[in-house]
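> Pasted the sequence and its predicted model underneath.
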Amino acid sequence: MKIRRLSAGLVVVLAMGTLAAACGSSSSSPSTTSTTQTTQAAASKNIVQLAVGDPQLSDLVAAVKAAGLVSTLEGKGPFTVFAPDNAAFAALPAGTLASLLKPANKSELTSILTYHVVPGALMASDIMPGAVKTVNGATFTVKDTGGKLTITDGKGNTVDIVQTNIIASNGVVHVISGVLIPPAS
């Protein structure tokens, strides 16, 4: 994936659990089937505040809190977060989320969450097919399949980008249909 940075800065930690407040209107991006939120009200909230306000992202918010990433995602950024919704977490094998939320698994949870974050603020139109390096240090692959953007993770699983361009004061959120798993280190 080729990335054009819209503003300076690097993402230091993933804020996957704080994207729950995203809601939107129709997207004009030709490469996605999604909705977009670009209102001034949304831009006045940071990524965590957006997520907390969206019930479809409550599992992500819980994960971000358990990983201790809230203050990072409330920070200056800019960040681009590919946020799994609650249905994405529900599709994981039974007990996976509950296990990841345990303090003993904080390191693994942090690795997974930071795999959903890339540096900079990338609008859907800035996301190009190819490899994308995440804050985690690993890459995932973006593909454009007939006008629809998909992401293939380090384990070979493919998810759809279902909602795009949810603007926050410190970045942008794109909701995805699955939880991305980094390659084994």
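That came through fine.

> In contact with residue 168, which residues?
42, 43, 45, 46, 47, 49, 50, 77 (CB atoms under 8 Å, 6 or more residues apart in numbering). (C-beta placed from N, C-alpha, C; glycine too.)

> again with residue 145
Residues near residue 145 by CB under 8 Å, 6+ apart: none.

> show me where the chain has helices.
Using DSSP state H, the helices of the chain run over residues 40-43, 47-52, 58-67, 70-73, 86-90, 96-100, 106-114.

> Of these, which is nearest residue 158?
Set against residue 158 and scored by CB to CB, these come closest in helix 86-90, at 12.5 Å.

> Buried residues of the closest one, list them for me.
86, 88, 89 (16 or more other CB atoms under 10 Å).

> all strands of the protein, in order?
25-26, 35-37, 79-84, 117-119, 130-133, 139-144, 149-152, 158-168, 171-176 (DSSP state E).

> Single out the most deeply packed of those.
strand 79-84 (a mean of 29; mean count of other CB atoms under 10 Å).

> Partner strands of that one and their direction?
strand 117-119 (antiparallel), strand 171-176 (parallel) (DSSP bridges).

> Compile those strands into JSON lines and extend it with columns for distance to residue 147 and mean pLDDT.
Output for the strands paired with strand 79-84, formatted as JSON lines (distance: least, CB to CB, whole Å; pLDDT from 0 to 100):
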{"stretch": "strand 117-119", "distance to residue 147": "22", "mean pLDDT": "95"}
{"stretch": "strand 171-176", "distance to residue 147": "16", "mean pLDDT": "96"}
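
> how about low-confidence regions in the chain?
Within the chain, the ranges that satisfy pLDDT under 70 run 1-42, 185.

> For the residue nearest the centre of the chain, give me its contacts.
Geometric centre of the chain, nearest residue: residue 82, 1.8 Å, by CA atoms, centre = their mean. With contacts defined as CB under 8 Å, 6+ apart, residue 82 is in contact with 116, 117, 118, 151, 161, 174, 176, 180.
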